[in-house]
Every structure is written in C-alpha cells, then in structure tokens.
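Student: The following comprises the amino acid sequence and a computationally predicted model.
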Amino acid sequence: MHPIVVLENCESYDPSQLDSAIEHLLGNLPTWKELFSGKSTVLLKPNLLTANPPAAAVNTHPAFVAAVARVVRKQHSGRLLLGDGPAIGTTHSVARKLGLPEALAGLDVEMVDFKETTPVAGQGDFGPMDLARPLMEADLVINLPKVKTHAQMGLTLGVKNLYGAVIGLEKSQRHLTAGRDRRAFAELILEICLRVSPGLTIADGGVGM
C-alpha cells in the first residue's frame, strides 16, 4: 500500500484555524479513524530539539501539538503520551519553555522523557538498535515533525524527526559516524523510521525554520 500524502493550507497558529485545518486534512484520509481501533496507548512524537520559544520555529509549535491532541481525543479515550529525545535537555524542560503544558491543559496528555531504551532488531546494515522504550512500546505513534532545513539531509520532515528515538550519547555518536556520509546517514534515519513505524505523520509547516 502506497502512503497517502495530503496538503492543507493554514495561515495561522490560532487554535480554531488549526483545529479546522487538521480535521479537514484528516477528513481526506478516510481510514485514519481506524488507526485507533484496539489501541490502548497512543504517543505523540513532536520535534522538541532544544528549549527555545515557539517564535524561533526550532520545535513543533505548541498550538499545533495541542490541535492534534484535541482531534486525537475525539477518537481515543485511552492513554495519550507525548515525548521526544531532545538534543539538549528533556521532554519536560523543552515543553515548559514552549508552553506546552498550558496548551495541552485539560487533554490528559502525559509527558514522558526518553530515558530508557529497548533493543530493536532490524534487517538493514546497522544491526540491532537501542531505541526509546516509550516510543517502541506505544500501540500507535503519531509523528509531528517541524518543517525545517537540515545541514546534512537538506530538509527535516517525517523520517528525520524519528531520529529522536535515539537517545543519550548514542545520538551524537551515530551523527558522527553515519553523519560523515550523507547517504549512510539517510539510510540510518530511514531504518529508524521503519522500525518505529508511525501510523500517521502530520507536519507543522506553518512557519518553517
């Protein structure tokens, strides 16, 4: 089955505009509601790179994350997590700087730091990988990247955002080893994406970096 790609215009981070745009976007994916069937734990994986304010466009915008969470809550009453493996700091420290706790108030979203890993086997050239346990144990991952340029890959979108599954010193070590070869790094992040296997990716391109 080929992935379905849908584009939706939204010119503001105003919550009402975002809610409408995301619901309209998902309405063009007729089977998206079926993703939640039988799923007890759903994890939202935004790009939480460093503790910068929303205007810096470094991280997925808090209003965007909250809009997705509101749409998800209409389909999913179970456990809803949010986490990432920031380059500096933790999910909680980056989220506080962004104002995410306030944006998500009342939605019963549990923030988790990617501290523990679990070994994940694979068929590619990189062998078993230790990836973030909360991400791998969730029943459904919804990937929420920030659209931005990237020194090695040219562009950060859905695949690159899942590099957050690599945590701690291994993140920088793999950047140094695979990062010397653009193709090798591309293959690495593709393998990570295939192992995480997100059920849905919604990219925040309202203001790119």
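Tutor: Ah, there it is.

Student: from here on, contacts and neighbour counts on C-alpha atoms
Tutor: Noted.

Student: what's the neighbour count on residue 15?
Tutor: 14 (other Cα atoms under 10 Å).

Student: any idea how far the residue nearest the centre of the chain lies from residue 98?
Tutor: By Cα atoms, centre = their mean, the mean C-alpha position of the chain lies nearest to residue 45, the distance being 2.9 Å. As for residue 45, its distance to residue 98 is 15 Å (criterion: Cα to Cα, to the nearest Å).

Student: swap in residue 36?
Tutor: 28 Å.

Student: So between those two, which is more surrounded?
Tutor: residue 98 (23 against 18).

Student: What sits closest to that one if chain neighbours are left out?
Tutor: residue 53 (5.1 Å; Cα to Cα, 6 or more residues apart in numbering).

Student: What is the burial count for that neighbour?
Tutor: 17.

Student: same check, this time on residue 67
Tutor: There are 24 residues near residue 67, going by other Cα under 10 Å.

Student: what about it, which SS state?
Tutor: On the three-state scheme (DSSP: H, G, I helix; E, B strand; the rest coil), residue 67 is labelled helix.

Student: Repeat that for residue 111.
Tutor: Residue 111 is classified as strand under three-state DSSP.

Student: Could you do residue 82 as well?
Tutor: Under three-state DSSP, residue 82 comes out as strand.

Student: what about it, how many neighbours?
Tutor: Residue 82 has 23 nearby residues by other Cα under 10 Å.

Student: hey, which helix or strand in the chain has the poorest pLDDT?
Tutor: Taking mean pLDDT, DSSP states H and E as the measure, the chain has helix 169-178 as its least confident helix or strand, at a mean of 62.

Student: C-alpha coordinates for the helix or strand just after that one, CSV please?
Tutor: The first helix or strand that comes after helix 169-178 along the chain, using DSSP states H and E, is helix 182-196. Provided in CSV are the C-alpha atoms of helix 182-196 (Å, rounded to 0.1, in the frame of the first residue of the first chain):
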residue,chain,number,x,y,z
ARG,A,182,25.2,11.8,3.7
ARG,A,183,23.9,8.6,2.1
ALA,A,184,24.8,6.5,5.1
PHE,A,185,23.0,8.9,7.5
ALA,A,186,20.0,8.9,5.2
GLU,A,187,19.9,5.1,5.3
LEU,A,188,20.2,5.2,9.1
ILE,A,189,17.3,7.5,9.7
LEU,A,190,15.2,5.5,7.2
GLU,A,191,15.9,2.3,9.1
ILE,A,192,14.9,4.1,12.4
CYS,A,193,11.7,5.2,10.7
LEU,A,194,10.9,1.7,9.5
ARG,A,195,11.4,0.3,13.0
VAL,A,196,9.3,2.9,14.8
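
Student: Cool, thanks, signing off.
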